[in-house]
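> have a look; sequence and predicted model below, questions after that.
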Amino acid sequence: MTAHVLRAILLGIAAWCSASALTGTTGTVAAVIGAIAGVAGGELAARRPWRMWVVGVGALLAILLSLLLAAGTTNRDFIPGLIGPAHALQLAAILRYGVLAFAVVAAVRTAARRTPGLGVLEIAATVAAVALPFAAHRDGQIARPLWLADYAWRHGVDPATVLVIIGVATAGALALLLMLDSDQRPRITSFAALPVIAAIAALIFAVKSQLQEAPPSEQGLEQTSKGDPPLPTTKWGQGSGLGQGDRQGSGGSNGSNQGSGATGSDGSGGGANQDGSNGNGGKPPPPPSEWQDPSAGGGKAQPMAIVLLGDDWDPPIQAYYFREETWSDLYGARLVPPRDRGIDADVPRGEPSGSLTPPVPADSPGMQLLHTDVALMVPHRKPFFLGEPSKWESTTNPDPTHFVRTYHTESVVSTDPLEKLLGHTAGASWPEGELEYYTNIPPDPRFKELANEITSKLPAKLKDDPFAKAAAIKQYLEQNVSYSLSHRHANVADPVADFLFGDRIGYCVHIAHAAVYLWRAAGIPARVGVGYMVEADHRRGSSILIRGGDAHAWPELYLDGVGWVVFDVAPAKNLDPPQKPPDDDLQQQLAEFARNAPPNTHDIDPAPKPSQRPLAGPIAIASLSLLALVVLGLYVIKIWRRVVPVFAPVGDLPRVSYRAALDQLSDAGFSREIGESREHYARRLAADVPAFGELTTMHLSELLGPRGTPRAPREKWRELLRRLRRELAAKSTPAKRFARRLDPVSFRSSR
């Protein structure tokens, strides 16, 4: 009976979890009642001589009939006109979810009862029903499920805490159910192990309420191969940051302006020294063996950061490009981050705070100063910015539960439409050799030939205009290349040439490199930007949600008086399915978290660390509390079975007294074998406990004897039970008796 009650409770909870994610209160209540009733229905059906296929077909017909009736209730005017629209909707929910829960649970319970091995289906259905409504939360949709997240946030509780407690409680209950369903007698150590395992798991896995760090391919495209030195283990989003490593490389002695060891914090193969060399003995970084697409990781929907715009700005290119690093240094056939710190000086190197001089001042025509606040949900190697950063500083983390770091930025962005970029010359008043650096291309002559072929088709008045040339090359690529993650162009000497002059199918890194090489071949200084791209349509108010799938690489060109211009290529053919738009509720909730900043946000410790184990304590407490409640309930059942002969009506004494005697025998280690008669059991134990033989005779006489058989008084039953207890005590030591009485489920062996 205990297992049946626990099973009904578990399935009721599972039905509540699933139904509450799909329907309202009425449907949820109907599903819970239907699931509990399904347990009883399955038990009854299992005892009937019906074949299993009959039960399955009956359950399927019940579901189809309920769905038809529910549809008829709301799609016809008769019932809404009779009971009202609101009651019609409630009736439809009862028919749809109540009958569905009853039919599914009854069919699965019947199968498990008929074939014990199929009990795993019941357990699997319970786990799935509980887990599926919370799956979106695991993918980073912390606003899901709404009914739980809203309740938790209103009461100041992290929904992740509630989810973990639900998971632990469900796992413990399922483990208990499996032990109760087992033919083997469960020991008290089995129950004691449940909270211990849960507490150990909470401590070992260091459960965090914030999201885990994204794979490197989602943080900005790591360019490492088997022979490359490892990247730094510290992340900019964590306490130490890479701002320190950028000045404390192992390549120099003075500790300033050095690279961060073998791999600089800027992602290069070695930081640059003051003399412009590369901090690795003058050797360039090892070439990457294969590019990875920034958005090709497994967590495309995982939130990376939430950005709050302090000023209204609509980008001319209809997308927000957050630059984290740049690749401008030609190494063989590929671009890598610059090894000279004087190159790409507009890109921060990972310092927690600092300032730069943008190529074009904010008060220039067509420019605007933009303030943003960024809240990182996973550690990043470097900060990222819109436009050209002029100042950035760490801020107080408003919610360490969800964010690993927050910072405020000021940057210069363009407000002019793209047409106004015509007429600007390429490059600027750079030092000698810098223009050559930004126009350097691989020795393959096909890049220059293709660039000349494309730009030669421009009208005469635009043939010498750098932006017109760039636009023509961009248009050519958009019409002639296709986007797909399946074509990696790996294990080739020049992946860009293999892409551009081969099948022309690749992803953002190939496309960005192709655009930069063609622009450079046309005399236009260019580089690749790496970070995140979010479509302007995905902005909600002043908030922009950045997800793992938004990681991107794009081409940039430099125009005098304008600076670095993001001029991305969007192929007309995309062979991969598009990414789903961000969840509005999640974006709004994260924005509210990020806005909850305390006063004086710009003069504090730069990197407060969130707690690494905020849930270990609650998990352990919840596990121990659950175990205590379950064990207490089992002890109550055990004690009640022992004392009920004192209170039971006289007519019930033969049954409850015999059951109490069986429980005493179970505590002593005796149990009736399957198929053994009661008389044979009494005779087998006659030498050890003769009182049990007398009690069995009275039990059978009153239950199976002819009508009118005189009933033994209550005192006679109590006397036999006392004698049985004394006889059993003589067969064992007090320590053994005490240990057996501690077993809360010893009555499971009574039969």
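Here it is on my side, so go on.
> CA atoms for contacts and neighbours, from now on please.
Fine.
> what sits closest to Ser548 if chain neighbours are left out?
You called it Ser, but residue 548 is Gly. Using CA to CA, 6 or more residues apart in numbering and skipping the chain neighbours, the partner closest in space to Gly548 is Lys300 (4.4 Å).
> Glu43 now?
Going by CA to CA, 6+ apart, Glu43 has Thr110 as its nearest residue, at 6.2 Å.
> ok, residues contacting the helix or strand where Ala468 lies?
Assessed by DSSP states H and E, Ala468 sits inside helix 466-480. For helix 466-480, contacts defined as CA atoms under 8 Å, 6 or more residues apart in numbering pick out 421-426, 451, 454-455, 458, 462-463, 504, 511, 515, 518-519, 522-524, 559, 568-573.
> now, which of those residues lie within helices?
451, 454-455, 511, 515, 518-519 (DSSP state H).
> just give me the closest of those to Leu308.
Among these, Ile511 lies closest to Leu308 (CA to CA), at 29.8 Å.
> related to what we said a few turns ago, among the contacts of helix 466-480, name the ones in strands.
Per DSSP state E, strands hold the following members of the contacts of helix 466-480: 559, 573.
> any of the contacts of helix 466-480 buried? List them.
Taking 16 or more other CA atoms under 10 Å as the criterion, what is buried in the contacts of helix 466-480 is 421, 424-426, 451, 454-455, 462, 504, 511, 515, 518-519, 522-524, 559, 568-571.
> which residues of the stretch 351-500 of the chain fall in helices?
434-438, 446-455, 466-480, 495-498 (DSSP state H, counting those that start in this stretch).
> just how off-centre is the last one within its chain?
Centroid separation between helix 495-498 and its chain, computed with CA atoms, centre = their mean, to the nearest Å, is 36 Å.
> same question for the first one.
Using CA atoms, centre = their mean, we find the averaged C-alpha position of helix 434-438 to lie 45 Å away from the chain's own average C-alpha position.
> which residues of the stretch 651-751 of the chain fall in helices?
653-667, 678-684, 690-704, 714-729, 734-742.
> return the most buried member of those.
For those, average neighbour numbers computed from mean count of other CA atoms under 10 Å are highest in helix 653-667, which has a mean of 22.
> got the angle for it vs helix 714-729?
Interaxial angle of helix 653-667 relative to helix 714-729 (axes from the mean of the first three to the mean of the last three CA atoms, to 10 degrees): 10 degrees.
> from the contact counts, what lies against helix 653-667?
Other helices and strands packing on helix 653-667, by 3 or more CA pairs under 8 Å, 6 or more residues apart in numbering; DSSP states H and E, are helix 616-647, helix 690-704, helix 714-729, helix 734-742.
> so how far is stretch 7-18 from its chain's centroid?
Distance, centroid of stretch 7-18 to centroid of chain: 23 Å (CA atoms, centre = their mean).
> can you tell me what sits against it?
28-29, 31-33, 35-36, 39, 101, 105, 126-127, 129-130, 132-133, 170, 173, 177.
> any idea how far Arg339 is from Phe692?
91 Å (CA to CA, to the nearest Å).
> residues contacting the nearest residue to Ala686 once chain neighbours are set aside?
Nearest non-adjacent residue to Ala686, counting by CA to CA, 6+ apart: Gly693, 6.1 Å away. By CA under 8 Å, 6+ apart, the residues touching Gly693 are 679, 682-683, 685-686.
> quick one: Gly693 from Gly332, how far?
95 Å.
> thinking His424 is in contact with Tyr558, fair?
No - at 9.6 Å, His424 does not count as touching Tyr558 under the criterion of CA atoms under 8 Å.
> helix or strand for Val5, which one?
Using DSSP H and E, Val5 falls in helix 2-20.
> can you list contacts of stretch 83-100?
Applying CA under 8 Å, 6+ apart, the external contacts of stretch 83-100 come out as 19, 23, 26-35, 62-63, 66-67, 69-71, 73-74, 79-80.
> poorly predicted segments of the stretch 151-300 of the chain, please.
Along the stretch 151-300 of the chain, the model assigns pLDDT under 70 to residues 153-156, 172, 175-299.
> now for the chain, the helix or strand with the poorest mean pLDDT.
The weakest-scoring helix or strand in the chain, judged by mean pLDDT, DSSP states H and E, is helix 188-205 (a mean of 53).
> show me what secondary structure element comes after it.
Going down the chain from helix 188-205, the next helix or strand is strand 303-309, by DSSP H and E.
> parallel or antiparallel, which strands does that next one pair with?
Each strand paired with strand 303-309, and its direction, by DSSP bridges: strand 367-376 (antiparallel), strand 543-547 (antiparallel).
> quick one: residues in contact with it.
With CA under 8 Å, 6+ apart as the contact definition, strand 303-309 has outside contacts at 140-141, 214, 370-378, 542-548, 587, 590-591, 594.
> next one: stretch 656-673
Contacting residues not belonging to stretch 656-673 are listed as 641-645, 648, 678, 681, 692, 695-696, 699, 717, 721, 724-725, 728, 732, 737, 740-741, 746-747, 749-751 [CA under 8 Å, 6+ apart].
> if we go to 6 Å?
641-642, 645, 740, 747, 750 (CA atoms under 6 Å, 6 or more residues apart in numbering).
> which one (most neighbours) among the residues you listed?
Pro645 (24 neighbours; other CA atoms under 10 Å).
> which two of the contacts of stretch 656-673 have the greatest separation?
Pro645 and Arg740 (21.2 Å).
> one step back: show me which of the contacts of strand 303-309 are buried.
Applying 16+ other CA under 10 Å to these, the neighbour count classes 140-141, 214, 370-378, 543-548, 587, 590-591, 594 as buried.
> does His312 sit in a helix, a strand or a coil?
I think there's a mix-up here, since residue 312 is Asp and not His. Using DSSP: H, G, I helix; E, B strand; the rest coil, the structure places Asp312 in coil.
> count of neighbours near it?
As a burial measure, Asp312 scores 10 neighbours (other CA under 10 Å).
> check Asp311 too.
12.
> ok, it to His371 distance?
6 Å.
> with Tyr658 instead?
As judged by CA to CA, Tyr658 and His371 stand 81 Å apart.
> check Ala152 too.
32 Å.
> quick one on the thing from earlier: a markdown table for the helices and strands packed on helix 653-667, including distance to Trp327?
Output for those, formatted as a markdown table (distance: least, CA to CA, whole Å):
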| stretch | distance to Trp327 |
| --- | --- |
| helix 616-647 | 43 |
| helix 690-704 | 89 |
| helix 714-729 | 84 |
| helix 734-742 | 69 |
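> reformat these as a markdown table; add mean pLDDT.
A markdown table is the format used below for the helices and strands packed on helix 653-667 (pLDDT from 0 to 100):
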| stretch | mean pLDDT |
| --- | --- |
| helix 616-647 | 77 |
| helix 690-704 | 87 |
| helix 714-729 | 88 |
| helix 734-742 | 73 |
